[in-house]
Every structure is written in C-alpha cells, then in structure tokens.
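> my questions are about this predicted structure, shown below with the sequence.
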Amino acid sequence: MVRRARRINRELADVYPYAHPELDFRNPFELLVATVLSAQTTDLRVNQTTPALFAAYPTPEDMAAAVPEELEELIRPTGFFRMKAKSLLGLSAALRDRFGGEVPGRLEDLVTLPGVGRKTANVVLGNAFGVPGLTVDTHFQRLVRRWKWTEQKEPEKIEAEIAAIFPKSEWTMLSHRIIFHGRRICHARKPACGACPIAPLCPAYGEGETDPEKAKKLLKYEKGGQPGQRLSPPPDYPGSPARPLEAAAQRQAAGGTADTADSGAAAS
Ligand code: SF4
C-alpha cells in the first residue's frame, strides 16, 4: 500500500506540477482570514469576496475595529456570515492584543485563535510559513479513503496515518495535489474515472463514469477548459483566472453559465 500510495503521489505531481493553495492571499493575515471564510463555501467565492474586504481592513488592527454589521455585509457572499464575522473580529483582536498584530507561526498558538482549528492552522503554516502540514479537508478525506490509504473517519486520525506514509517534506504539496485532483477529476458524486490519469493505480476505479468521452465532460477548472478558482493564480497556472464577483454575476444574468464550483461538497 505504501509503495502504491507513493506512486500515486508521483503521478499526481506530474498531472498537477502547478498545484497550489487556491485562496488568493498576499500575507499570512490574508491567508488566515480567507481560510476561516472558506468553511462551507468554495475558494472561488472567498476569492471573489476578499478583495473588497482587505481593501477595507488591511490589518488585524483595522479588522478588530470594524463595525460588525459592515464586516458582515462585506463577507455575506461566503455564507454563515454572522458566525464568520464573529470569528474574524475575535481573531483580529487576539492577533492585536496577544501577538503584536502578527499571525503566529506555531500550531499551538494558531489554534487558540477564535474560529481557527487544526485544519486552518495547517493551511496557514504550510502556505504562509513553509512549515509542512497535511490539509485534511473534505476532498482529502474522500480520496485517501478511495485509495485505501486509511480506513479512519476522523480528520486527526486520518492525518496521523497519512503522515506516517510520506516524508514531512511532501505533506504540503501532497495536500495540494490531492485537493486539486478531488476538485477537478475525482469528484464526490461522479468521479471522472474514464479521464483519470491515475486510474491504473486506483482501487476505486469504476466508482464513477468510465466512458472516456462522458468522463471528459465531467472535468473541471483548467482540466475542463474553464476558469480557475483564483483571481490571481500563480504564473505557472495553465488555466485562466477566475472572474470577479460582479463579472460572474453579470455573465449569469445574461444567460451564461455559472462559474465552476466544487461538486456541492463544502470546499476548503
Ligand atoms: S480512477 Fe476514479 S475513483 Fe480513482 S482516482 Fe480516478 S477518478 Fe477517482
């Protein structure tokens, strides 16, 4: 199993050499806020929401002093906006009061912030501080179980078992690759098995569409010739950037299709 798991990781590295976090951010504070907002919605929706949010509140001090109703209004498109506003106000005040206005670079500090759990902390550590971490989100959990890398159901136990298979240096990129694959090809409801480059290695082949032509139509984002999730993707991203919120809404109102979103599952 370990050998096959490592082969799948190598294949995924070939399929997604440009795998990256799909939240737009320019500093650790923006990544932390974006990750909190990403609960129960898509990264695309968060990326369409954060430009106005960070223009209004660029620092923890600014956000901690926000009028709650104004903050709620700005993050409304991400859903659960009252609860998320509460977390953002609480974590900004905690950063200001306990960490000198800086995002701490240690897991044990990050998880003391309101609205920040282990998954969010690992995303921030891995992508803003270069500290290896596994992001056990909904895609990660689904795929590693399909591949029989673990039978565990709880995120912390899954994290521990997968961490034992791969060297630490691989953890962050492995997470990106798995999440990329889950969003583009190995969907929750209908995986595109017939268009999946790792099908020969997959014990769950056949769980989804095996007809190559039909499977091809299920592919999303750059694999399906559609815009990605980031408004500012990294330079090596082969797809096109996502549209800003107003442009996407105008396109839909004019009778166009909605931009791609994750297959209904809560995306992280
Ligand atoms: S073969 Fe199907 S189930 Fe397996 S990884 Fe590919 S899409 Fe997912």
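Arrived safely, thanks for sending. Not measured: the values here are computed from a predicted model.
> so what does the longest helix seen in the chain touch, helix or strand wise?
Longest helix in the chain, counting residues (DSSP state H): helix 81-98. Contacts defined by 3 or more CB pairs under 8 Å, 6 or more residues apart in numbering; DSSP states H and E place helix 81-98 against helix 28-37, helix 60-64, helix 68-75. The way it works is simple: take the backbone N, C-alpha and C, and place the C-beta from them, glycine included.
> ok, then the element right after it?
Scanning forward in sequence from helix 81-98 by DSSP states H and E, the next helix or strand is helix 107-110.
> list the contacts of the closest residue to residue 214 other than its chain neighbours.
Ranked by CB to CB, 6 or more residues apart in numbering and with sequence neighbours excluded, the top spatial neighbour of residue 214 is residue 194, at 6.7 Å. Applying CB atoms under 8 Å, 6 or more residues apart in numbering to residue 194 gives the contacts 208, 209, 210, 211, 212, 213, 214, 215, 216.
> what distance do you get for the residue lying closest to the fourth one once chain neighbours are set aside to the ligand?
This points to residue 211. The spatial neighbour of residue 211 that comes closest, neighbours along the chain excluded (CB to CB, 6+ apart), is residue 194 at 5.2 Å. Separation of residue 194 from the ligand (CB to the nearest ligand atom, to the nearest Å) stands at 8 Å.
> then residue 137?
Distance from residue 137 to the ligand, by CB to the nearest ligand atom: 16 Å.
> thought that residue was touching residue 119?
Yes: Residue 137 lies in contact with residue 119 (CB atoms under 8 Å); the separation is 6.4 Å.
> please identify the residues of the stretch 101-250 of the chain in proximity to the ligand?
Residues of the stretch 101-250 of the chain lying close to the ligand (CB under 6 Å from any ligand atom) are 146, 185-186, 191-193, 196, 198-199, 202, 204-205, 207-208.
> cutoff 8 Å now
143, 146-147, 181, 185-187, 191-193, 195-199, 202-208 (CB under 8 Å from any ligand atom).
> related to what we said a few turns ago, what does the longest helix of the chain rub up against?
29, 32-33, 36-37, 39, 57, 60-64, 66, 68, 71-72, 75, 78, 101-103, 112-116.
> one more time with 6 Å
Contacts to helix 81-98, defined as CB atoms under 6 Å, 6 or more residues apart in numbering, come from residues 36-37, 60-61, 63-64, 68, 71-72, 75, 101, 113-115.
> so for it, mean pLDDT?
Averaging pLDDT along helix 81-98 yields 97.
> and what of stretch 26-36?
97.
> check the offset of stretch 190-210 from the chain's centre.
The chain centroid and the centroid of stretch 190-210 are separated by 22 Å under CA atoms, centre = their mean, to the nearest Å.
> can you dump the C-alpha coordinates of it into CSV?
Taking Å, rounded to 0.1, in the frame of the first residue of the first chain, the C-alpha atoms of stretch 190-210 are listed here in CSV:
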residue,chain,number,x,y,z
LYS,A,190,-19.4,11.3,-10.0
PRO,A,191,-15.7,10.8,-10.3
ALA,A,192,-14.4,11.0,-13.9
CYS,A,193,-12.7,7.6,-13.8
GLY,A,194,-12.6,7.3,-17.6
ALA,A,195,-10.5,10.5,-17.9
CYS,A,196,-8.3,9.9,-14.8
PRO,A,197,-4.6,9.6,-15.3
ILE,A,198,-4.2,7.6,-12.1
ALA,A,199,-6.9,5.1,-12.9
PRO,A,200,-4.4,2.1,-13.3
LEU,A,201,-3.3,2.7,-9.7
CYS,A,202,-6.7,3.2,-8.2
PRO,A,203,-8.6,0.6,-6.2
ALA,A,204,-11.8,2.6,-6.6
TYR,A,205,-11.7,2.8,-10.5
GLY,A,206,-15.3,2.3,-11.7
GLU,A,207,-16.9,4.1,-8.9
GLY,A,208,-17.6,6.9,-11.4
GLU,A,209,-18.0,7.4,-15.1
THR,A,210,-15.7,5.1,-17.1
